[in-house]
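Enquirer: Please work out how this folds:
(chains A and B)
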Amino acid sequence: MSLFLQYLSLPYLLQGIELTLQVTALGLIGGLILGLILAWMQLSRFWLLSAFARGYTVIFRGTPLILQMVFAYDALPHIGIKLPAVMAAGLALACNEAPFIAEMLRAGVLGVDRGQISAGQALGMTPAVLMRRIIAPQAIRTMIPAFGNESVSALKNSSLASVIAVQELTLRSTQLASSTFDFFSIFFASGLLYLVLTGAVGAIQLGFEWLLDLDRTARRRRLTDYLPRYPPWRRIDCVTKRQLADKTAPALDLEPAAPAKLAEPPPLALTREGRAKRAATIARNNIAVEVKDLRKSYGAQSVLNGLDMTVRIGEVLALLGPSGSGKSTLLRCINHLEDWDSGTVRVGGRQLGFADDGKPLSPRAIANERASVGVGMVFQQFNLFSHLSAKENVAGPLRWVHGMMRVDADRRAHELLERVGLSHRADALPRHLSGGQQQRVAIARALAPNPSVLLLDEPTSALDPELVSEVLEVIRRLATDDGLTMIIATHQIRFADEVADRVAFLSGGTILEEGPAHEVLSNPRHPVTARFLSVMEPDKVPEAVR
Amino acid sequence: MQNWLFTKARHVGQAVLGAIVAFMVLVPAGAQASTPVGCAALQAKYPDLKGKALVNAINPHTPGYEAIDPKDPSKYVGFDIDLGEAIGDCLGFTLTYKPVVFAALLTTLSSGQADIVISDIYATKERAKAADFITYSKVFDGVLVAKDNPKGIHGIDLSMCGAAAAENTGFVEVPLVQDLAPKCKEAGKPEPTLQLYDNNANCIQAILAGRADTYVNDVNTVDQAVKANPDKLEKAIAVTIPYSVGIAVPKNKPEFRDAVMAALIEVQKAGIHMELLKKWELDVNNFKEPDILTAD
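Expert: Down below sits the predicted model:
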């Protein structure tokens, strides 16, 4: 026991730790840099880069680290690269770690919800901004446990540097054992030293997880908002507890006050005269969106089949039609989230995503154009950025895409959240909001940069029935109060009748029937439209015209 | 616990004894510690080596020849270390040490990561393909076995048939044991099995753990192991092996090789070689005048 303790504190072994850490640090930092490059190459659009990265991964993941160490140490000098032992070990470890780290990074990036990426693109984020603001912060959070694992494994793997004369902990232990014959005391001591090191790595990992835990920051914010600054032992007294419960309860879910705020029914243009007058005004307006002979197919299946469509400024168009009729694809083509096979799409007279000579632009240039043309989009699945608070979901893109100052962006975000009745939930994370609240935040986010056109892709389809009305109410106000140009794919026939100026009925990738909303809905001419409307039974009968 | 205390007591005893021996050896040596006379001429002949710091690749798992100093683990000590420094002293260079596994000694030399190898390595024709050797010591091997030699092993001969032999990867004894297999078969006995480890200590542990029956290596190494575990190990016999121990130098540096050889001759002439054998309690019969061994 005394020998064991003596070796545990022997400076000779403790100095070995320093070299162990040096090799590990070189391996991890080098591996992270190489891994970033590899992951980037693998995710690249250019096949040659990704093929090269694949080849590298096959070689360095498929050969033992000990061979790589010997190679870096003994073979490289033959081609004139004579690295010091620690550097050679660090290089071999870095080259070996890189493919593992690259796969972790790739998994992290691919694990970020595609919907959020679509939402970022729709907001005009360039690939770089998307990566930095949306993908990386979420990917890093999911990668921490894997990275902790990798660090522990790199630390242990550094012991292989003993074969190339790096005086790290393992080599020192074996030499000491050879000269003293105290085999077991020495290896127990060095084993314990390794445990301390890997334990420290584990602690650092947990620390990072705690630091980046979104729920923790959200919870702290909520507690400091509601908790009087009592010392911990006072918090358990019953009065405080009840007060706390009273105060936090409304915040947990849909606040009763909000619907009331939204409930004042706005004047709807439901009268025949009103509708006619509005239609006449719109007819004089310029064209906002023009789609001509749009065709797109996924393999053998054609989704859009020579579709033509025109929407004027201030007009609200409802797209109806069965699932798979091409509504979503059409909307995604309008702001060029999807490529198409032939045909043209013009927004505000511009062909979004094409240079003047008709050539397609780079993803970065398309993003900038989306931002300048101003096409907002609201998705069926809300697609809020899940690592950002409601306020940041709205304010963030304003700063990153439109270069707005933080104060201005925050003010705008507050304005919009207030308009959708959610100013009291500004600091909540999306996952702490109900579906309806999330969709209202998503609408605020889409409205923030003042888009010229707002595309809504079945905005209420993913909501529980009791939450549908709060979202529809917000949209209704946009049409009536703001005169915003909107294209809404929806299954809410009655809502379409109330809000839309025109409806277009899609089937098989073309518009089967279109016309003034009330006319088409109450008196469809095409049998397919009629059948579809009759299937949507509970919502079928549009309100009679007053 | 009791065992530990015993070992410790024994260690203290050894240290005291070692100190006395060292004192007795070093005092007369003190007068001669100065550089041999012929060295001045050598330094004039090989001026490039003067003031250089060369790297000596060693496999520091052989107490007596090369191992870390248990009292100051930052230092390497042993006969080979002292001899190398005497040669360096003669030619005017200093040595730093690079510890590698035995099998990597010559690859480390040929990759240029080391300049010289003085590490109780046997000079064989096979190894001379990778490096030139200046031989300086005869070889006597000992056969290490468990206490009371339960398997009755008496060398690398038919008595080893069916036994498990522990060896260091790259040791010359490895092919000798392998060559035994057909002979055992012929005699109608089971073949010996070979266990390869990467240092001395692991080979000794293999016998202590009952995994191996024998370990054949330099007799001094075997003696050290017996001294450390007198109640568990013993030396069966010493066998002669037809090799010499050599200093390895790169093949493409004949001038350096000749300089080392000339310096070794001076060191021997001055009696330093013999003194070092005594200092490290090695058999003086090991002494050998230098020769050069190359591949051709």
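Enquirer: check contacts around the residue nearest to A:Phe379 when sequence neighbours are not counted.
Expert: Spatial nearest neighbour of A:Phe379, excluding adjacent residues (C-beta to C-beta, 6 or more residues apart in numbering or on different chains): A:Asp457 at 5.5 Å. In this view, the C-beta of every residue, glycine as well, is placed from N, C-alpha and C. When contacts are counted by C-beta atoms under 8 Å, 6 or more residues apart in numbering or on different chains, A:Asp457 touches A:Lys327, A:Ser328, A:Leu331, A:Arg332, A:Met377, A:Val378, A:Phe379, A:Gln380, A:Ala489.
Enquirer: Which single one of those residues is nearest to chain B?
Expert: Within the set of the contacts of A:Asp457, A:Arg332 lies nearest chain B; the separation is 59.1 Å, counting by C-beta to the nearest C-beta.
Enquirer: quick revisit: dig out what the residue nearest to A:Phe379 forms beta bridges with.
Expert: According to DSSP bridges, A:Ala489 are recorded as the beta-bridge partners of A:Asp457.
Enquirer: count of neighbours near A:Ala92?
Expert: The number of residues packed near A:Ala92 is 30, by other C-beta atoms under 10 Å in any protein chain shown.
Enquirer: ok, it touching A:Thr63?
Expert: No. The pair A:Ala92 and A:Thr63 does not pass the contact test of C-beta atoms under 8 Å, sitting 10.4 Å apart.
Enquirer: Report the contact partners of the spatially most central residue of chain A.
Expert: Most central residue of chain A, judged by C-alpha distance to the mean C-alpha position with C-alpha atoms, centre = their mean, is A:Gln116 at 3.5 Å. A:Gln116 makes contact with A:Ile134, A:Gln138, A:Asn383, A:Leu384, A:Phe385, A:Ser386 under the criterion C-beta under 8 Å, 6+ apart.
Enquirer: again, only using 7 Å
Expert: Counting by C-beta atoms under 7 Å, 6 or more residues apart in numbering or on different chains, A:Gln116 touches A:Ile134, A:Asn383, A:Phe385, A:Ser386.
Enquirer: And what about the last one, helix, strand or coil?
Expert: In the three-state summary, A:Ser386 is assigned as coil, counting by DSSP: H, G, I helix; E, B strand; the rest coil.
Enquirer: Repeat that for the first one.
Expert: When the structure is reduced to helix, strand and coil (three-state DSSP), A:Ile134 reads as helix.
Enquirer: Could you single out the nearest of the contacts of A:Gln116 to B:Asn286?
Expert: Within the contacts of A:Gln116, proximity to B:Asn286 (C-beta to C-beta) peaks at A:Ile134, which comes in at 73.8 Å.
Enquirer: Any figure for the gap between that closest one and A:Gly111?
Expert: When distance is defined by C-beta to C-beta, to the nearest Å, A:Ile134 is 13 Å away from A:Gly111.
Enquirer: More neighbours: those two, which one.
Expert: Summary of the neighbour comparison: A:Ile134 and A:Gly111, criterion other C-beta under 10 Å, with A:Ile134 having more neighbours (26 against 12).
Enquirer: can you tell me which residues contact the more buried one?
Expert: With contacts taken as C-beta under 7 Å, 6+ apart, A:Ile134 has the following neighbours: A:Gln116, A:Ile117, A:Gly120, A:Phe385.
Enquirer: Using a markdown table, please lay out those together with pLDDT.
Expert: Below are these laid out as a markdown table (pLDDT from 0 to 100):
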| residue | pLDDT |
| --- | --- |
| A:Gln116 | 96 |
| A:Ile117 | 95 |
| A:Gly120 | 95 |
| A:Phe385 | 96 |
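Enquirer: Which two of these have the greatest separation?
Expert: The largest distance within the contacts of A:Ile134, taken as C-beta to C-beta, falls between A:Ile117 and A:Phe385 and amounts to 10.0 Å.
Enquirer: Look at those two and report which has more neighbours.
Expert: The neighbour comparison of A:Ile117 against A:Phe385 (other C-beta under 10 Å) goes to A:Phe385, with 24 against 20.
Enquirer: what about the strands in the chain?
Expert: With no chain named, the answer covers chain A. Per DSSP state E, chain A carries strands over the ranges A:287-298, A:301-312, A:316-320, A:342-347, A:375-378, A:453-457, A:485-489, A:502-507, A:510-516.
Enquirer: looking at chain B here, not the other one
Expert: Using DSSP E, the strands assigned to chain B run over residues B:53-58, B:61-62, B:66-69, B:72-77, B:94-99, B:117-123, B:132-146, B:164-168, B:193-197, B:214-218, B:233-249, B:287-293.
Enquirer: before we move on, back to that, and the residue nearest to the centre of chain A, how far from A:Leu467?
Expert: Spatial separation of A:Gln116 from A:Leu467 under the definition C-beta to C-beta is 21 Å.
Enquirer: For the stretch 151-300 of chain A, which residues are neighbours of chain B?
Expert: Taking C-beta under 7 Å from any C-beta of the partner chain as the test, the list of the stretch 151-300 of chain A residues beside chain B reads A:Val163, A:Ala165, A:Leu171, A:Thr174, A:Gln175, A:Leu176, A:Ala177, A:Ser178, A:Ser179, A:Thr180, A:Phe181, A:Phe183.
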